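Peer 1: Sharing a model prediction with you, sequence too.
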Amino acid sequence: MPKTAGGLLLFRFRAPGKPEVLLVHLGGPFWQNKDAGAWSIPKGEPSPDEDLLATARREFQEETGMRPKGTPFPLGQVKQAGGKLVHAWALQGDFDVTTLKSNTFSVEWPKGSGHLRSYPEVDRAQWFGLTEARERLLPAQVPFLDVLQAAPQFEAARKAGLP
């Protein structure tokens, strides 16, 4: 059975008709010098018996330090290169990237050295327009942007001109 994850894609409209999405850069030594294709939506694996939407909310808070508020809408699921199924939801909101507070993980680094080092799960967050987000996102997650743009909730938010 493939591993699953739940994630939350935060979006906003800073200027009329100019949506932005919040992406996080993956932390740790493998990703530190990578940019294109090294960003993700905040996501993670569920705890036993945890609903995937609850997972998405929890992981968003663990990786950014912000508790998401509001009613998200589904974006479906994608299969990442490693086989993990990521289920995502979108939520309109705002986040000050300078307040990022991520949880950490430990990994042996350099590999085979016997030294465990601690790294943040995400080392930075940034708002991107949809075109640039497509370049930065892990390739498997790009379809979430298509679903977001086609969602009635997204269009309603765009027309309302809300942040």
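Peer 2: All right, it came through fine. Numbering: from 1, shown residues only.
Peer 1: In which helix or strand does L10 reside?
Peer 2: Assigning secondary structure by DSSP states H and E places L10 in strand 4-15.
Peer 1: For that strand, the averaged confidence score.
Peer 2: What strand 4-15 shows for mean pLDDT is 94.
Peer 1: Next: stretch 98-118.
Peer 2: The average pLDDT within stretch 98-118 is 94.
Peer 1: Distance from it to the middle of the chain?
Peer 2: Distance, stretch centre to chain centre, for stretch 98-118: 19 Å (C-alpha atoms, centre = their mean, to the nearest Å).
Peer 1: for it, which positions count as buried?
Peer 2: Of the residues in stretch 98-118, those buried under the neighbour-count criterion (16 or more other C-beta atoms under 10 Å) are L100, S102. All C-beta atoms are positioned from the backbone trio N, CA, C, and that covers glycine.
Peer 1: For that stretch, give me every contacting residue.
Peer 2: Judged by C-beta atoms under 8 Å, 6 or more residues apart in numbering, the contacts made with stretch 98-118 from elsewhere in the structure are 24, 27-29, 62-66, 119-125.
Peer 1: Convert the C-alpha atoms of stretch 70-86 to PDB, please.
Peer 2: As requested, the backbone C-alpha atoms of stretch 70-86 are provided in PDB (Å, rounded to 0.1, in the frame of the first residue of the first chain):
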ATOM      1  CA  GLY A  70     -11.400  28.600   7.400                       C
ATOM      2  CA  THR A  71     -13.000  26.000   5.200                       C
ATOM      3  CA  PRO A  72     -10.700  24.400   2.700                       C
ATOM      4  CA  PHE A  73     -11.900  22.800  -0.600                       C
ATOM      5  CA  PRO A  74     -10.500  19.700  -2.100                       C
ATOM      6  CA  LEU A  75      -7.900  19.700  -4.900                       C
ATOM      7  CA  GLY A  76      -7.800  15.900  -5.400                       C
ATOM      8  CA  GLN A  77      -4.700  13.800  -5.200                       C
ATOM      9  CA  VAL A  78      -1.400  13.200  -7.100                       C
ATOM     10  CA  LYS A  79       1.100  10.500  -7.100                       C
ATOM     11  CA  GLN A  80       4.700  11.700  -6.500                       C
ATOM     12  CA  ALA A  81       7.800  10.200  -8.000                       C
ATOM     13  CA  GLY A  82       8.500   8.000  -5.000                       C
ATOM     14  CA  GLY A  83       4.900   6.600  -5.100                       C
ATOM     15  CA  LYS A  84       3.400   8.700  -2.200                       C
ATOM     16  CA  LEU A  85      -0.200   9.700  -2.800                       C
ATOM     17  CA  VAL A  86      -0.700  13.400  -1.800                       C
END
